[in-house]
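Participant: What shape does this take:
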Amino acid sequence: MKMPFLRRRARESAKGLSAGDARMLKEAEGAIQQSFSFSLHLSPQSVGGYIRSHQR
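Facilitator: Alright, predicted model coming up:
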């Protein structure tokens, strides 16, 4: 699962994400993916698709 608003903001910035921010973003994405996959009984790889298919 990606966090497009953070990536969009980084692209708009001339510097982009720092290495530390990029690492924290990746760790946060992984934690969110694991939580959702456990709660929804899905594989971690299918969480993003599941969320996108259930958006209104």
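
Participant: On the three-state scheme, residue 34 is what?
Facilitator: State at residue 34, reduced to three classes by DSSP: H, G, I helix; E, B strand; the rest coil: helix.

Participant: neighbours around it, how many?
Facilitator: 12 (other CB atoms under 10 Å). The way it works is simple: take the backbone N, C-alpha and C, and place the C-beta from them, glycine included.

Participant: who's in contact with the residue lying closest to it once chain neighbours are set aside?
Facilitator: Nearest non-adjacent residue to residue 34, counting by CB to CB, 6 or more residues apart in numbering: residue 44, 6.1 Å away. Contact partners of residue 44, counting by CB atoms under 8 Å, 6 or more residues apart in numbering, are 33-34, 37.

Participant: any idea which of those residues is least confident?
Facilitator: Across the contacts of residue 44, the smallest pLDDT goes to residue 33, namely 91.

Participant: How many residues are close by that residue?
Facilitator: 19.

Participant: Please apply the same query to the one 4 residues further on.
Facilitator: Residues near residue 37, counting by other CB under 10 Å, number 17.

Participant: Does it lie in a helix or a strand, and which?
Facilitator: Secondary structure assigned from DSSP states H and E places residue 37 in helix 19-40.

Participant: ok now that helix, how far from the chain's centre?
Facilitator: In this view, helix 19-40 has its centroid 6 Å away from the chain centroid, taken as CA atoms, centre = their mean, to the nearest Å.

Participant: CA-only coordinates of that helix, as CSV, when you get a sec.
Facilitator: In CSV, the C-alpha atoms belonging to helix 19-40 read as follows (Å, rounded to 0.1, in the frame of the first residue of the first chain):
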residue,chain,number,x,y,z
ALA,A,19,16.5,9.1,3.2
GLY,A,20,15.3,8.9,6.8
ASP,A,21,11.8,10.1,5.8
ALA,A,22,11.7,7.5,3.0
ARG,A,23,12.7,4.7,5.3
MET,A,24,10.1,5.7,7.9
LEU,A,25,7.4,5.9,5.1
LYS,A,26,8.4,2.4,4.0
GLU,A,27,8.2,1.1,7.6
ALA,A,28,4.8,2.7,8.2
GLU,A,29,3.5,1.3,4.9
GLY,A,30,4.6,-2.2,6.0
ALA,A,31,3.1,-1.9,9.5
ILE,A,32,-0.2,-0.7,8.0
GLN,A,33,-0.2,-3.5,5.5
GLN,A,34,0.5,-6.1,8.2
SER,A,35,-2.3,-4.8,10.4
PHE,A,36,-4.8,-4.8,7.6
SER,A,37,-3.8,-8.2,6.3
PHE,A,38,-4.2,-9.7,9.8
SER,A,39,-7.5,-8.0,10.4
LEU,A,40,-8.9,-8.8,7.0
